[in-house]
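In: with the sequence up front, the predicted model follows.
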Amino acid sequence: MQENASNGGLTVNIMYFVRTLRAAGLPIGPGRLLEALRAVATVGLASREDFYWALHAVLVNRHDQRELFDQAFHIFWRNPKFLERMMSLILPSFGADEPQENPEELSRRIAEAIAADELDESPNSREDKFEYDAAMTWGTNEVLQKKDFENMSADEVSAARAAIKRMRMPISTVPTRRYRPRDVGSQVDMRATLRAALRNGGDIIPLKCRVKDKRHPPIVVLCDISGSMDRYARMMLHFLHTMTNDRDRVHTFLFGTRLTNVTRYLRYKDIDVSLNKISDIVKDWSGGTRIGTCLHDFNRFWSRRVLGQGALVLLITDGLDRDSGEGLAKEMDRLHRSSRRLIWLNPLLRYDLFEPKSRGIKAMMPYVDEFKPIHNLESLIELAEIVGGNGLHSNSSMTNWRERAA
């Protein structure tokens, strides 16, 4: 970037930069472009750092967008230290307990976004389209269904989000304690029968029947948003937004080092509004994980409110606990006793050689009814079948996992 660039040239460059960010997956509209131009005009071009933070303040409004913006800025505006950043990607990195994020995926998305700008004027540049099945409303492209969320390009992420938005999850009904009247049945409602007899003067006693009422059970979701779960948690928020707007009594909690109830924010019809609201209140995104502490807070403050009437609990986490599973078994036992079914969704199951050897996973395994992967569209389809009561529940599979964790 040169300071003596004309205002018109700088405006065009900022416009193309915003366009690149939008193609890479950031929800940026024309209004943001005008705000970015005003911000740059306010701070001036004397300092590259001021220019960076002026655009950052306007174009970034969520924690998960920071790394994408940072890489896009240094690529688009030609940072002299960009070579050092790219060299660092091929050097080995060593983490503590949790797997580290791979910046190469973001770089690939940005490169595709920049290349898309060059081909955008070509009428044949976007011939490949994804089709969606009308029954399950999932992409018929088998490669897209099986591809890991972490390895998807920007176009594939958009197609996956579109598939999730169209999804409708069938939920099985369960009997409640309440009854509803029925013309014919095996159980006589004595109170209704006596009231009907009094209305007729007692000469005729019409028998009134009743049956137990059925309704969808509540669904309670506990989703891990730590660093190792970041990309999967983002896709799961789209899935949870669709599920929350499709049916009632869905309660969603996010946890890393603390527990946050985001149920009310997922009820907004616009997913971008929901994610912006969640970003404002969640302060521990992409941090550490304290599963035992967060489950203790849930059991103490929320379980009696949301786990009534046979609630189904979806626990979404990789089980990597910063506290090494301290107090986790006790809290998992209480959560399991309070719910009708406890389903653990773990993206680490995408690895064929996965072994439940960490302390956190060993502490959680005895109290789980289902143990399933959650890393691509195919796993979401399987989850829908299980929650809907159409999935196969293998007790031998869970027994095998518990034996391997022992």
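Out: Done, it's in.

In: look up phi and psi at residue 19.
Out: When quoted as degrees, to the nearest 10, the phi and psi of residue 19 stand at phi -60, psi -40.

In: show me what the helix or strand residue 273 falls within is packed against.
Out: Here residue 273, judged by DSSP states H and E, is contained in helix 271-281. On a contact count with 3 or more CB pairs under 8 Å, 6 or more residues apart in numbering; DSSP states H and E, helix 271-281 meets helix 230-246. (Glycine included, C-beta is placed from N, CA and C.)

In: please enumerate the helices of the stretch 301-406 of the chain.
Out: 303-306, 328-338, 359-364, 377-387, 395-405 (DSSP state H, counting those that start in this stretch).

In: just how off-centre is the third one within its chain?
Out: Spelled out, it's helix 359-364. Relative to its chain's centre, helix 359-364 lies at 23 Å (CA atoms, centre = their mean, to the nearest Å).

In: what lies in contact with it?
Out: 291, 319-321, 324-325, 328-329, 332, 344, 356, 405-406 (CB atoms under 8 Å, 6 or more residues apart in numbering).

In: now list the buried members of those.
Out: Using 16 or more other CB atoms under 10 Å as the burial test, the contacts of helix 359-364 include 291, 319-321, 325, 328-329, 332, 344, 356, 405 as buried.

In: can you pull the phi and psi angles for residue 220?
Out: Taking degrees, to the nearest 10, you get phi -120, psi 130 for the backbone angles of residue 220.

In: and it, how many residues sit next to it?
Out: As a burial measure, residue 220 scores 26 neighbours (other CB atoms under 10 Å).

In: in this protein, which residue is most central in space?
Out: Central residue of the chain (CA atoms, centre = their mean): residue 236, 1.7 Å from the mean position.

In: show the average pLDDT along stretch 209-225.
Out: For stretch 209-225, the mean pLDDT works out to 88.

In: buried residues in that stretch?
Out: Using 16+ other CB under 10 Å as the test for burial, stretch 209-225 gives 209-210, 216-225.

In: what do you get for stretch 330-350?
Out: 331-332, 334-336, 338-339, 341-350.

In: quick one: it to chain centroid distance?
Out: Mean-position distance between stretch 330-350 and its chain equals 17 Å (CA atoms, centre = their mean).

In: just the CA atoms of it, as PDB, please.
Out: Output in PDB follows, covering the C-alpha atoms of stretch 330-350 (Å, rounded to 0.1, in the frame of the first residue of the first chain):
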ATOM      1  CA  LYS A 330     -19.700 -37.000  39.300                       C
ATOM      2  CA  GLU A 331     -21.300 -34.300  37.100                       C
ATOM      3  CA  MET A 332     -21.700 -36.700  34.200                       C
ATOM      4  CA  ASP A 333     -23.500 -39.200  36.400                       C
ATOM      5  CA  ARG A 334     -25.900 -36.500  37.600                       C
ATOM      6  CA  LEU A 335     -26.500 -35.300  34.100                       C
ATOM      7  CA  HIS A 336     -27.200 -38.800  32.800                       C
ATOM      8  CA  ARG A 337     -29.600 -39.500  35.700                       C
ATOM      9  CA  SER A 338     -31.500 -36.300  34.900                       C
ATOM     10  CA  SER A 339     -32.000 -36.900  31.200                       C
ATOM     11  CA  ARG A 340     -33.900 -39.500  29.200                       C
ATOM     12  CA  ARG A 341     -31.000 -40.100  26.800                       C
ATOM     13  CA  LEU A 342     -27.400 -38.600  26.800                       C
ATOM     14  CA  ILE A 343     -25.800 -38.600  23.300                       C
ATOM     15  CA  TRP A 344     -22.100 -37.600  23.100                       C
ATOM     16  CA  LEU A 345     -21.000 -36.200  19.800                       C
ATOM     17  CA  ASN A 346     -17.200 -36.200  19.400                       C
ATOM     18  CA  PRO A 347     -15.400 -35.000  16.200                       C
ATOM     19  CA  LEU A 348     -12.300 -37.000  17.200                       C
ATOM     20  CA  LEU A 349     -14.200 -40.100  16.100                       C
ATOM     21  CA  ARG A 350     -13.500 -39.200  12.500                       C
END
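
In: now what about the biggest strand by length in the chain, what contacts it?
Out: Using DSSP state E, we find that the single longest strand of the chain is strand 174-182. Identification of contacts with strand 174-182 by CB under 8 Å, 6+ apart yields 189, 192, 208-217, 309-310, 340.

In: circling back: and of the contacts of helix 359-364, the nearest to residue 378?
Out: Among those, residue 344 lies closest to residue 378 (CB to CB), at 17.8 Å.

In: give me the low-pLDDT residue ranges for this protein?
Out: Residue ranges of the chain with pLDDT under 70: 1-8, 78-141, 388-397, 406.

In: those strands in it, which residues are they?
Out: 174-182, 209-215, 219-224, 250-255, 259-261, 312-316, 341-345, 370-372.

In: how about residue 279: what's its closest non-neighbour residue?
Out: Spatial nearest neighbour of residue 279, excluding adjacent residues (CB to CB, 6 or more residues apart in numbering): residue 62 at 4.0 Å.

In: got it, and residue 237?
Out: Nearest in space to residue 237, with sequence neighbours left out and distances taken as CB to CB, 6+ apart, is residue 275 at 6.6 Å.

In: list of residues touching the helix holding residue 273?
Out: Residues outside helix 271-281 that contact it (CB under 8 Å, 6+ apart) are 27, 61-63, 165, 237-238, 241, 254, 260, 262, 265-268, 285.
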